[in-house]
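Trainee: here you go, sequence then predicted model.
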Amino acid sequence: MADYEVGVIGGERPELTGLGAYYMTEYLDAAREAFGSAIELIGVYAGGELRALLPLYIKGNKAVLPPLGQYWGVWEIPPEDPPPGRAESVWDKTVRAVDAHLRKRGLIEATFIHPPHITDARPFLHLGWAVTTRYTYLVPPTGEDAWDSPTRRQLKKSRKLGVQIKKAESWKNLFRLHRAGMTRQGLTHAPEALVEGLAARGTVYETPAAAVLLGKDSTAGYYVLAASDPAGHGDGSPTTLVAAVLEELGKENLSLDFVGANTPKLCRFKRGFGGRLIPYFQTRTVFGKARRFFIGLKKAFIGG
């Protein structure tokens, strides 16, 4: 594996296409503005040829997932038309190079969410990483006929109530709704600077009671951030906003990536738009036997 080298990428990054490229381009730029030098872009090279990209958000001595970050993992750039066995070998060596680099840096933990085109989790499992399957819905711009009946009813209700949708001139109401919603759940909201940077690179759609931030690349649109006011629940605003987003994406023949479908309540809402379920996976590791032992001991005492 001596021919595999890992280092920080300087200058312009390569052009990327495929589901999730937004998070390696527009999102990455916004994250750099919000978090400064804590955000890095790592390249894995074989014989001087770029094999993979890896965004890092370094917080203390951990590589963690940034707020609103999705597909924040290894982006493979495989050799062109390799034999199947060769492709697997290159991927295995790429993952091993990443693992070795993180260990060499003295990190104690690392967590990533890999883009959907990364389907082989075995190299991570062989190295002792924990692998968790995740899902999203990818919705094509096929129109309302492909939606289920409850979703169509919600849209009809919204239209009957005269809910108005507009492209917001400011990101601040979206941030206010997001911050309030996270506070109600006892969770940490995304930094204001990150939401501002993402909004500057996307489009915010809003009704009086809800808002959604849409990001795009050449492959798809992304449901980057959505928030609503409970006082306005029941007017069909979330469904109407998705309908507006899909209509906009349809002009460019782009699908909508819902960016996650992993909790029952959200799944019921998102699957109503007739999307295709797309699997991807998350990986996490704790480096060092002593560190793993104490984490396991802590979980045993507190139950989790």
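Mentor: That came in fine, so what should we check first? Keep in mind it's a predicted model, so treat the numbers as computed, not measured.
Trainee: report all helices and strands that the helix or strand that Ala180 is a member of contacts.
Mentor: Taking DSSP states H and E as the definition, one finds Ala180 inside helix 172-184. Secondary-structure packing of helix 172-184 (3 or more CB pairs under 8 Å, 6 or more residues apart in numbering; DSSP states H and E): helix 192-200, strand 203-206, strand 210-216, strand 220-228. In this view, the C-beta of every residue, glycine as well, is placed from N, C-alpha and C.
Trainee: who wins for proximity to Lys93 among those?
Mentor: Lys93 lies closest to strand 220-228 among the helices and strands packed on helix 172-184, at 29.7 Å (CB to CB).
Trainee: quick one: mean pLDDT over stretch 245-255.
Mentor: Stretch 245-255 comes out with an average pLDDT of 96.
Trainee: for this protein, name the helix or strand with the lowest mean pLDDT.
Mentor: Every helix and strand of the chain was ranked by mean pLDDT, DSSP states H and E. The lowest is helix 289-302, at a mean of 51.
Trainee: tell me which of the helices and strands packed on helix 172-184 lies nearest to Pro140.
Mentor: strand 220-228 (9.9 Å).
Trainee: ok, the closest one: who's next to it in the sheet?
Mentor: Strand pairing for strand 220-228, using DSSP bridges, gives strand 210-216 (antiparallel), strand 255-257 (parallel).
Trainee: next one: the last one to chain centre, how far?
Mentor: Going back to what we said before, that points to strand 255-257. Distance of strand 255-257 from the chain centroid (CA atoms, centre = their mean, to the nearest Å) equals 13 Å.
Trainee: what does that strand rub up against?
Mentor: 19-20, 136-141, 219-223, 242, 245-246, 249, 273, 275, 278 (CB atoms under 8 Å, 6 or more residues apart in numbering).
Trainee: what comes up buried for the very next helix or strand once past that strand?
Mentor: Sequence-wise, the next helix or strand downstream of strand 255-257 (DSSP H and E) is helix 264-271. By 16 or more other CB atoms under 10 Å, the buried positions in helix 264-271 come out as Cys267, Phe269, Lys270, Arg271.
Trainee: and which of those is nearest to Leu56?
Mentor: Nearest to Leu56 out of the buried residues of helix 264-271 is Lys270 (CB to CB; 29.2 Å).
Trainee: re the thing from before, where helices are concerned, which of the contacts of strand 255-257 count?
Mentor: Using DSSP state H, the subset of those located in helices is Val242, Val245, Leu246, Leu249.
Trainee: what sits against the residue nearest to Thr183 when sequence neighbours are not counted?
Mentor: Nearest residue to Thr183, sequence neighbours excluded (CB to CB, 6 or more residues apart in numbering): His189, at 7.0 Å. By CB under 8 Å, 6+ apart, the residues touching His189 are Pro67, His178, Arg179, Met182, Thr183.
Trainee: from Gly69, how far off is the nearest residue to the third one once chain neighbours are set aside?
Mentor: It stands for Arg179. Excluding the flanking residues, the one nearest Arg179 by CB to CB, 6+ apart is His189, at 4.5 Å. Note on His189: its distance to Gly69, by CB to CB, to the nearest Å, is 14 Å.
Trainee: wait, isn't Ala226 in contact with Val212?
Mentor: Yes - the pair Ala226 / Val212 is scored as a contact, 4.3 Å apart, by CB atoms under 8 Å.
Trainee: compare those two (neighbour count), which wins?
Mentor: Between Ala226 and Val212, Val212 has the larger neighbour count (other CB atoms under 10 Å), namely 26 against 23.
Trainee: mind listing what the more buried one touches?
Mentor: Leu174, Val204, Tyr205, Glu206, Tyr223, Leu225, Ala226, Ala227, Pro238, Leu241, Val242, Val245.
Trainee: same list (those residues) but as JSON lines, adding distance to Arg122.
Mentor: JSON lines is the format used below for the contacts of Val212 (distance: CB to CB, whole Å):
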{"residue": "Leu174", "distance to Arg122": "40"}
{"residue": "Val204", "distance to Arg122": "40"}
{"residue": "Tyr205", "distance to Arg122": "41"}
{"residue": "Glu206", "distance to Arg122": "44"}
{"residue": "Tyr223", "distance to Arg122": "30"}
{"residue": "Leu225", "distance to Arg122": "33"}
{"residue": "Ala226", "distance to Arg122": "34"}
{"residue": "Ala227", "distance to Arg122": "38"}
{"residue": "Pro238", "distance to Arg122": "38"}
{"residue": "Leu241", "distance to Arg122": "39"}
{"residue": "Val242", "distance to Arg122": "36"}
{"residue": "Val245", "distance to Arg122": "36"}
